[in-house]
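Novice: Fold the following, please.
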Amino acid sequence: MKSFWSLILTAACASLALAQTPVIATNGTINGASFATGQAVAPGSLVSIFGTELAASLTQNDTIPLSTTLNNVSVTINNIPAGLYFVSAGQVNAQIPWDVLPTGTTSGTASVVIKRGNTSSAAQTVNIVPVAPGIFFLSDAGGWAIAINPDGTLAAPAGAIAGLTTHPAKAGDGIAIYATGLGAVDPTVANGAASLDKLRTAKVTPGVLVGGKSATVLFAGLTPQFPGVNQVNFAVPTGLTAGPVPLQLQAGGITTSDAVKMAVQ
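Specialist: The predicted model follows:
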């Protein structure tokens, strides 16, 4: 049995934990795929928000439409609740609301606030632009893009990624990659919702560069199952040197990093 003072101490510690104030890092809201710093983000895209004391523990969302509260943590962007993928002490992954800017406005700034229990962070500002692409990649496995071959494997050298079947792509193959930040889609979709009900195409078709060569884009829009995640399908161009090559998107005046790669043969 706990002593009286032990119970008092436990209650006091719990109260202190609840009172901890979340702090968003300066310029801490960034593209959730590329992690590019110093760039604006687009409506509907996924972002990672970095800071301290953002949540009591790690919690992942398992609902669609995305929940706007996880582990007693919520995020508002321009006072609009944001759908959450993940919260932890140092990072929150969220979706920028599609309607983050007033109707008729395509660029501007947004105020980001994280609320933990009854305690809110100071607001931090993020710039919003119509399109700001980023490619999802495996940061802990050499920077390979999530580039899916026609047979469902990843376009990386054989054996390059532990636990996954991989092989290089060849010229003419149709490849699907996952990205975020391609902006508005047609038809529109609700904040936090998936796109299982119908095909939604990006209003801006990005350019795709494979090893510096332009690829033919076959489709650019939303994935059916993941809110805020874009799918871009393209044909691998001819004339590439076998081996790892940079994979990049171009849209809205942004060319994504050449550090993200896929393998060709």
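
Novice: Only the C-alpha atoms, please, for stretch 212-232, written as PDB.
Specialist: The C-alpha trace of stretch 212-232 is given here as PDB (Å, rounded to 0.1, in the frame of the first residue of the first chain):
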ATOM      1  CA  GLY A 212      18.100  13.900 -64.800                       C
ATOM      2  CA  LYS A 213      15.900  12.700 -67.700                       C
ATOM      3  CA  SER A 214      12.300  13.700 -68.000                       C
ATOM      4  CA  ALA A 215       9.800  10.800 -67.600                       C
ATOM      5  CA  THR A 216       6.400  10.500 -69.100                       C
ATOM      6  CA  VAL A 217       3.800  11.100 -66.300                       C
ATOM      7  CA  LEU A 218       0.900   8.700 -66.500                       C
ATOM      8  CA  PHE A 219      -1.000   9.800 -63.400                       C
ATOM      9  CA  ALA A 220      -0.700  12.300 -60.600                       C
ATOM     10  CA  GLY A 221      -3.300  12.500 -57.800                       C
ATOM     11  CA  LEU A 222      -4.300  11.100 -54.400                       C
ATOM     12  CA  THR A 223      -3.700   7.600 -53.300                       C
ATOM     13  CA  PRO A 224      -7.000   5.800 -52.600                       C
ATOM     14  CA  GLN A 225      -6.200   4.800 -49.000                       C
ATOM     15  CA  PHE A 226      -3.900   7.400 -47.400                       C
ATOM     16  CA  PRO A 227      -5.200  11.000 -46.700                       C
ATOM     17  CA  GLY A 228      -2.800  13.700 -48.000                       C
ATOM     18  CA  VAL A 229      -0.600  11.200 -49.800                       C
ATOM     19  CA  ASN A 230      -0.100  11.700 -53.600                       C
ATOM     20  CA  GLN A 231       0.600   8.900 -56.100                       C
ATOM     21  CA  VAL A 232       2.600   9.700 -59.200                       C
END
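
Novice: Please identify the buried residues of that stretch?
Specialist: Under the neighbour-count criterion of 16 or more other C-beta atoms under 10 Å, stretch 212-232 has 215, 217, 220-223, 226-232 buried. For glycine as for every other residue, the C-beta is placed from the backbone atoms N, C-alpha and C.

Novice: Of the residues you listed, which pair is most distant in space?
Specialist: Comparing all pairs in the buried residues of stretch 212-232 by C-beta to C-beta, the longest separation belongs to 215 and 227, at 26.2 Å.

Novice: does residue 69 really touch residue 87, like I thought?
Specialist: No: counting by C-beta atoms under 8 Å, residue 69 sits too far from residue 87 to count as a contact (9.4 Å).

Novice: quick check, residue 221 in a helix?
Specialist: No: counting by DSSP: H, G, I helix; E, B strand; the rest coil, residue 221 is not part of a helix but strand.

Novice: OK, contacts around the nearest residue to residue 125 once chain neighbours are set aside?
Specialist: Spatial nearest neighbour of residue 125, excluding adjacent residues (C-beta to C-beta, 6 or more residues apart in numbering): residue 109 at 5.1 Å. Counting by C-beta atoms under 8 Å, 6 or more residues apart in numbering, residue 109 touches 125, 126, 127, 128.
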